[in-house]
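# The following comprises the amino acid sequence and a computationally predicted model.
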Amino acid sequence: MLTSLHCRSGGIGIRARLKIVCRKAWEFESPLRHLMSDLKELTRKVKKIVEMYKGEYPDVKMDRDYFPHKLTEEWGECMKEYLMLTDRGRQKGFTKEQIKQNFSDEIADVFGYLLAFADSEGIDLEEALEKKWFVHLKK
């Protein structure tokens with residue numbers, strides 16, 4: 001008999017799947033497997049956008065330093081929106097909903113450039129996360 005139970009963890013939408021096989025043992029299917037395939041797909045899409053950008057703006061020098069500099073720039077823009085969102089910065093006539101949307105957009109930029117940077121440097125995010133972060137889940 002095979003029974004499956006699905007649950008959500010931490011509000012981030014990762015699903016864990018627990019299986020009872022012949023009622024003898026519990027097996028845990030890592031929710032990280034789905035996360036990592038999603039990261040690879042997101043990275044593939046980001047790379048496609050980068051290639052489109054290169055075609056549209058051929059004069060932009062996209063050498064090895066491009067992604068860390070863009071990541072820094074976008075992080076600064078993200079923090080500007082965060083300061084506005086948390087009433088630590090001038091609102092500049094924007095509503096809280098507009099600021100929240102701008103903050104969300106900037107977080108997306110940071111994440112996109114982080115994926116592009118890691119990929120350009122040959123970093124396997126799945127492996128890096130497993131070694132640095134997710135090893136603690138196995139304790």
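Everything's here; your move.
# For the residue positioned nearest the centre of the chain, list the residues it contacts.
Nearest to the mean C-alpha position of the chain, by CA atoms, centre = their mean, lies F111 at 5.1 Å. Not one residue lies near F111 by CB atoms under 8 Å, 6 or more residues apart in numbering. (Each C-beta comes from the backbone N, C-alpha and C, glycine too.)
# Please identify the helix or strand for it.
Taking DSSP states H and E as the definition, one finds F111 inside helix 96-120.
# Hey, what's the angle from the next helix or strand after that helix to helix 96-120? Just curious.
Heading C-terminal from helix 96-120, the first helix or strand you meet, by DSSP H and E, is helix 125-132. Relative orientation of helix 125-132 versus helix 96-120 (axes from the mean of the first three to the mean of the last three CA atoms, to 10 degrees): 90 degrees.
# List the buried residues for helix 125-132?
L125, E126, E130 (16 or more other CB atoms under 10 Å).
# Could I have the CA atoms of it written out in PDB?
Taking C-alpha atoms only, helix 125-132 is exported to PDB below (Å, rounded to 0.1, in the frame of the first residue of the first chain):
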ATOM      1  CA  LEU A 125      23.500  26.800  -6.900                       C
ATOM      2  CA  GLU A 126      22.000  23.500  -6.100                       C
ATOM      3  CA  GLU A 127      25.300  22.100  -4.900                       C
ATOM      4  CA  ALA A 128      26.300  25.300  -3.100                       C
ATOM      5  CA  LEU A 129      22.900  25.500  -1.200                       C
ATOM      6  CA  GLU A 130      23.100  21.800  -0.300                       C
ATOM      7  CA  LYS A 131      26.700  22.300   1.100                       C
ATOM      8  CA  LYS A 132      26.200  25.600   2.800                       C
END
